[in-house]
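can you look at this prediction? I've put the sequence above it.
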Amino acid sequence: MRNKMNKSIEVCCSWALFSGKSRYSRRSWLVGMVAVLLALTAVPLSAEEQNNPDEVGQVTLVIGQALAHNKKGEQRSLKRGDSVYVDETIETSAGGHVHLRFVDEGTVSLRPNSRLSIELYHYDKQQPKNSAIRFNLEAGVVRSISGKATQAAHDRFRLNTPITAIGVLGTDFVVRAEPEKMWAGVYSGAIAIAPLNTQCTVDGLGACAGATQLSEAMGSVMIEFSGGKEREKIVPLDPAIISKANKSGSDSSKQSEDSASPAPGRINAAEIKAADVASNLDIAPQEQQLPNPFAWARWGDQLPGDAMSQPYVTAQEGRKMTVNNGVFALFRTPSALAEVEPRAGMYDFKLAQGQVHFVDNRDQESSLAKLDAATLQVDFGQRQFNTHLEMSHSLGGSAVLDGAGKIENNGVFNSGNVINGSGVAGAISTDGAYAGMVFQKKVEMGTFVGITDWTNK
């Protein structure tokens with residue numbers, strides 16, 4: 001190829017320099033020379049490079065069925081750990097739910113019977129203000145929590161629905177979309193909503209001129225937007241509306257007449273999340289915020305650095321045991337509710353406190369280890385949980401433990417073998433606000449044993 005290129009250059013030069021009939025000036029010749037060099041030295045992209053879309057995030061949770069479609073009509077089922085790409089549409093089934101974490105640490109939760117297109121997701125790590133994001137919620141319910149791109153360039157974020165354009169101000173918000181109607185509520189920050197028209201187009205970024213603002217500071221309200229004559233209105237917050245995937249159904253594939261009824265009373269915007277969990281409980285709103293009913297008990301002597309457990313006789317006072325692993329037991333205060341009753345809502349529980357010990361195989365001595373990362377996700381509609389734990393110790397090295405499975409009606413859940421092998425076991429409070437979980441992970445040199453407390457408040 002190099003010989004062919006050199007020959008082409010020689011021909012070009014000879015023709016330009018020695019042709020007496022040349023119409024080109026020396027300057028024109030130089031321009032032509034540069035053009036030839038660029039054309040000859042340009043390296044074309046491979047087929048793989050031309051067709052490889054931009055990977056912009058990962059799936060962190062899937063419950064039920066979730067699919068990804070691209071513009072070529074190709075379809076794939078999503079599972080945890082899968083990548084997602086620009087120009088893909090994510091779709092959930094009637095019982096499906098998917099969580100996405102993007103490259104800038106922004107997160108999206110897509111609820112059942114929903115379709116969300118990732119039209120644009122550009123994160124400029126060096127200059128975040130140059131980032132740009134655009135989603136299109138074709139139908140269903142989505143929750144969006146801003147990442148670094150939107151926090152740095154909120155004027156370059158857009159979520160479109162069939163009838164509106166939504167801009168944000170570093171926000172955590174939820175939107176439900178239908179062909180001629182939409183609803184939105186704000187957990188934190190503020191959003192700005194405007195109707196799509198010739199001045200506010202689907203290919204734009206940021207909030208449109210004249211948009212209506214909805215903020216957390218406005219209290220217990222949400223915005224309802226219609227494609228009809230009565231375009232928009234601020235109405236009292238109704239979690240039963242913005243938490244549903246459609247008018248007649250809930251996040252659960254099992255429906256009942258009473259599941260369509262919202263909880264009595266009104267709450268403020270900061271409590272949307274808790275209300276979503278308990279929107280179908282037949283209890284007053286003030287009764288939804290109960291104190292943590294859990295206490296950890298230890299069977300034997302206190303382990304080095306243990307700051308969470310109590311002696312067995314202390315922890316059991318007024319409480320009943322839920323789960324144990326032979327080292328620790330989780331006790332829960334009895335509730336007026338016999339079962340954990342929320343029928344809608346998917347939440348990432350926050351780790352309130354946690355500890356982990358490493359038990360050496362050689363001498364069964366225990367020492368304090370490090371809990372490096374911990375997540376717990378609960379789908380109340382499908383009665384499913386998903387957890388991810390990372391731990392480390394100077395002798396045991398690093399270890400990862402994942403668990404997923406069913407939540408029983410009494411709130412108890414487990415995955416794997418938490419006594420003789422590797423696994424997790426725990427329980428959720430009957431109001432859905434707290435959880436406790438014990439875990440165990442066997443490695444070559446010993447066993448990691450830990451306990452955790454969680455809250456979704």
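Structure received.

tell me the SS of L205?
Following DSSP: H, G, I helix; E, B strand; the rest coil, L205 is assigned to coil.

show me the contacts for it.
A132, R134, D155, R156, F157, R158 (CB atoms under 8 Å, 6 or more residues apart in numbering). For every residue, glycine as well, the C-beta is placed using N, CA and C.

run the last query once more with 10 Å
Listed by CB atoms under 10 Å, 6 or more residues apart in numbering, the contact partners of L205 are L120, A132, I133, R134, A153, D155, R156, F157, R158, A165, G167.

partner strands of the strand or helix carrying M222, parallel or antiparallel?
Element membership of M222 [criterion: DSSP states H and E] is strand 221-226. Note on strand 221-226: by DSSP bridges, its sheet partners are strand 181-188 (antiparallel), strand 232-236 (antiparallel).

about what we covered before: next, check the contacts of L205 against the strands and list the overlap.
Judged by DSSP state E, strands contain the following of these: L120, A132, I133, R134, F157, R158, A165, G167.

neighbours of the second one, how many?
Same thing as A132. A132: 18 surrounding residues under other CB atoms under 10 Å.

before we move on, back to that, got TSV for the strands paired with strand 221-226, with distance to S367 too?
Shown next, in TSV, are the strands paired with strand 221-226 (distance: least, CB to CB, whole Å):
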stretch	distance to S367
strand 181-188	40
strand 232-236	54
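
hey, which of those strands is tucked in deepest?
strand 181-188 (a mean of 21; mean count of other CB atoms under 10 Å).

report the contact partners of the residue lying closest to A190 once chain neighbours are set aside.
Spatial nearest neighbour of A190, excluding adjacent residues (CB to CB, 6 or more residues apart in numbering): S215 at 3.6 Å. Listed by CB under 10 Å, 6+ apart, the contact partners of S215 are L169, T171, F173, V186, S188, G189, A190, I191, A192, V221, A269.

which one (most neighbours) among the ones in strands among the contacts of L205?
Scoring the ones in strands among the contacts of L205 on neighbours with other CB under 10 Å, the highest-scoring entry is F157 at 29 neighbours.

and the helices in this protein?
According to DSSP state H, the chain carries its helices in the segments 2-18, 26-41, 47-51, 148-152, 239-242, 272-277, 312-315.

restricting to C-alpha, output the last one in PDB.
Pointing back at helix 312-315 there. Output of helix 312-315 as PDB, limited to C-alpha atoms (Å, rounded to 0.1, in the frame of the first residue of the first chain):
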ATOM      1  CA  TYR A 312     -29.900 -12.700  73.600                       C
ATOM      2  CA  VAL A 313     -32.000 -12.100  76.700                       C
ATOM      3  CA  THR A 314     -32.000  -8.300  76.100                       C
ATOM      4  CA  ALA A 315     -32.900  -8.500  72.400                       C
END
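
can you give the contact residues for that helix?
If you take CB under 10 Å, 6+ apart as the criterion, helix 312-315 is touched by 294-300, 309, 321, 328-331.

report the two of those separated the most.
Greatest spacing in those, by CB to CB: F294 and G300 (20.1 Å).

between those two, which one's more packed in?
A direct count of neighbours by other CB under 10 Å for F294 and G300 places F294 higher, at 22 against 10.

what sits against that one?
Contacts for F294 (CB under 10 Å, 6+ apart) come out as 315, 319, 322, 330-333, 426-429, 434-437, 453-454.

repeat for G446
Going by CB under 10 Å, 6+ apart, G446 touches 357-367, 369, 393, 395-396.

run through the chain and note the low-pLDDT ranges.
1-53, 228-230, 243-290, 335-345, 457 (pLDDT under 70).

could you list the domains of it?
As recorded under automatic domain parsing, the domains making up the chain are 2-43, 50-277, 294-455.

and of the contacts of helix 312-315, the nearest to N414?
Looking at the contacts of helix 312-315 and their distance to N414, the nearest is L330, at 11.4 Å (CB to CB).

surely the closest one meets R319?
Yes: judged on CB atoms under 10 Å, L330 makes contact with R319 at a distance of 9.2 Å.

could you pull out the residues contacting both of these two?
F294, A295, A297.

hang on, the earlier thing: and the contacts of G446, which are buried?
H357, F358, V359, S366, S367, A369, H393, G396 (16 or more other CB atoms under 10 Å).

surely the fourth one meets V449?
Yes: in this structure, S366 sits in contact with V449. The criterion is CB under 10 Å, and the distance is 7.7 Å.

re earlier: closest to K125 among the shared contacts of L330 and R319?
Among these, F294 lies closest to K125 (CB to CB), at 40.7 Å.

and that closest one, how close does it get to V98?
Distance, F294 to V98, by CB to CB, to the nearest Å: 30 Å.

for R362, same thing?
44 Å.

so what pairs up with K370 in the strands?
For K370, the beta-bridge partners are S392 (DSSP bridges).

and it, what does it touch?
Per CB under 10 Å, 6+ apart, neighbours of K370: Q355, V356, F358, E390, M391, S392, H393, S394, S398, F448.

quick check on those residues: which are buried?
Neighbour-count burial within the contacts of K370 applies to Q355, V356, F358, E390, M391, H393, F448; the criterion is 16+ other CB under 10 Å.

show me where the stretch 351-457 of the chain has strands.
Under the criterion DSSP state E, counting those that start in this stretch, the stretch 351-457 of the chain contains strands at 366-368, 370-379, 384-393, 397-406, 412-416, 423-428, 434-443, 446-455.
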